[in-house]
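*Asks:* what shape does this take:
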Amino acid sequence: MANISNISIQTNDIPAAGQLRKARIDGEIGASGILQIISSNNQFYNFTTRTFTSEYTSNNAFSFTLTATKYDINILFPAATGVNYFLIVTPKAGNTFANRQTADITQIGSIANTTLTVAASTGSSAKYSSDPAFSNTTLVGTSYANINSTLSVSKTITNATTDANSNGLFLTKKGLNPLDFFSVKTENVSSNPAGDATSSLTVVVADLSNLVEGMTLFYHKGTTAPTAGTIVKSINKATKTLTFNNAVAFENGETMTFRAIGLNLVNKSLNSNIILKKQVEPNIRTLVKEISTTVRSAPSNSTTINVGATQGIPGGSTAEFFGFKVNNSSTNNVNAVTPDPDGTDTDGVITCDVNQTLTVGTKLIFTPVNKKHILTTSASVNFDLIVTKLPPADATIFLNLDNFVTPGAAS
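*Replies:* Numbering: from 1, shown residues only. Model prediction:
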């Protein structure tokens, strides 16, 4: 009598694309048995064609006799999701398992791919030519094991051309950093220990998934903003209690929105490993390098100037302007803009600090008052995310445009 001591195979979930795995049978020389593989959708593995079939034939049973203490066989698992596979080893007559089992059964499951999405986020969506400000980019793969993928994002953001939202975009920095990214988690309040709608530092939730210490409470009661900088200080997993650094009047059953700000916290929340690749060139580049217009009708010793197209010109004393015979003898900012983005309505007007006397057709060039900023109507955003571990479920990472773009206003 010869013993089969063990069958071993990698048992973590098989990715949706399928996978080739090696099964090893250990035992004494001369031990013999039969290996079969059955799927949860009632199909049988054909060891000749290496496919699963619904009809059972002799090729669905692999007969082996050990000529060494180890025997390896490659098994090809097909592309599938939600399917379980059962490897069954049965000793032949006169053989047995060392632990006296009549058969050994090993189960392996298959899982769906995970989609990681990178999206744009801004609190000023109307200031851009599209909503979202740029289209999503995705990476699809399996989360069961470490990978080494690059998710490359190259997008253009453009100022809106509507009257109310066409006052340009200020680029406030040239590079991105990990804190420019965040993920979102929503969760309902199960109970407020201090009493419904009573200010409290703690709240009980039903589900702690994707919640981690350090996350920012962005909204409660749907879209009510709490005190700025309210974060989760600690989490009691046994009682599902969150403790915050600021008291909030939580209402039972209300919806809370959390942000994991920065890729370090994103990775903790999503159970992923995603880093921002360092780039020598700036991540953010202006595509329109000059904001200008022309004088439409000649002002005479006036702070009101009728101009042509106003696209990209901000008011609110955030921009100044230059041109032939422009009087900049003292601070001369643009205070307000009456919009005419493309100049076709012939009603564009700017008001400034210093009286001007100019001729029709004079070109006016606008620059930021803050010389660390760049004024533009369009910019490119380019970066690479290195992904070595995908989240176990579909997830979205947001790039916070408000961290490096400030839209201009009319006044």
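
*Asks:* who's in contact with the strand or helix carrying residue 245?
*Replies:* Assigned by DSSP states H and E, residue 245 belongs to strand 241-250. Where contact means Cβ atoms under 8 Å, 6 or more residues apart in numbering, the residues beyond strand 241-250 that reach it are 189, 192-193, 197-205, 211, 217, 220, 226-227, 229-236, 256. No exception for glycine: its C-beta is placed from N, CA and C like everyone else's.

*Asks:* swap the cut-off to 10 Å and go again
*Replies:* The set of residues that contact strand 241-250 without belonging to it, under Cβ atoms under 10 Å, 6 or more residues apart in numbering, is 187, 189-205, 208, 211, 213, 215, 217, 220-221, 224, 226-236, 254, 256, 258.

*Asks:* report the buried members of the residues you listed.
*Replies:* With burial judged by 16 or more other Cβ atoms under 10 Å, the buried subset of those is 187, 189, 191-192, 194, 200, 202-205, 211, 215, 217, 220-221, 226, 230-232, 235, 254, 256, 258.

*Asks:* looking at the contacts of strand 241-250, which are in strands?
*Replies:* Using DSSP state E, the subset of the contacts of strand 241-250 located in strands is 187, 189-191, 198-205, 217, 232-236, 256, 258.

*Asks:* you'd agree residue 304 is up against residue 357?
*Replies:* No - distance between residue 304 and residue 357: 12.0 Å, which falls outside the contact criterion (Cβ atoms under 10 Å).

*Asks:* near residue 132, how many other residues are there?
*Replies:* Taking other Cβ atoms under 10 Å as the neighbour definition, residue 132 ends up with a count of 17.

*Asks:* just give the closest residue to it, not the sequence neighbours.
*Replies:* residue 120 (4.5 Å; Cβ to Cβ, 6 or more residues apart in numbering).

*Asks:* that neighbour pairs with what?
*Replies:* Taking DSSP bridges, one obtains residue 399 as the residues bridged to residue 120.

*Asks:* what is the lowest-mean-pLDDT helix or strand in the chain packed up against?
*Replies:* In the chain, the helix or strand scored least confidently by mean pLDDT, DSSP states H and E is strand 95-97, which has a mean of 81. The contact analysis (3 or more Cβ pairs under 10 Å, 6 or more residues apart in numbering; DSSP states H and E) places strand 95-97 against strand 2-8, strand 19-27, strand 32-39, strand 84-91.

*Asks:* got a list of what residue 345 touches?
*Replies:* With contacts taken as Cβ under 10 Å, 6+ apart, residue 345 has the following neighbours: 163, 309-310, 338-339.

*Asks:* residue 337 belongs to a helix, doesn't it?
*Replies:* No - under DSSP: H, G, I helix; E, B strand; the rest coil, residue 337 sits outside any helix and is assigned strand.

*Asks:* and residue 71, how far is that from residue 98?
*Replies:* Computed as Cβ to Cβ, to the nearest Å, the residue 71 to residue 98 distance reads 15 Å.

*Asks:* typo on my end, residue 80
*Replies:* When distances are taken as Cβ to Cβ, residue 80 and residue 98 turn out to be 33 Å apart.

*Asks:* who wins for most neighbours among the contacts of residue 345?
*Replies:* Neighbours were tallied for each of the contacts of residue 345 (criterion: other Cβ under 10 Å), and the maximum of 28 neighbours falls on residue 310.

*Asks:* thinking again about what came up before, looking at the helices and strands packed on strand 95-97, which is closest to residue 380?
*Replies:* Distances from residue 380 to each of these were compared using Cβ to Cβ; the shortest belongs to strand 19-27, at 38.5 Å.
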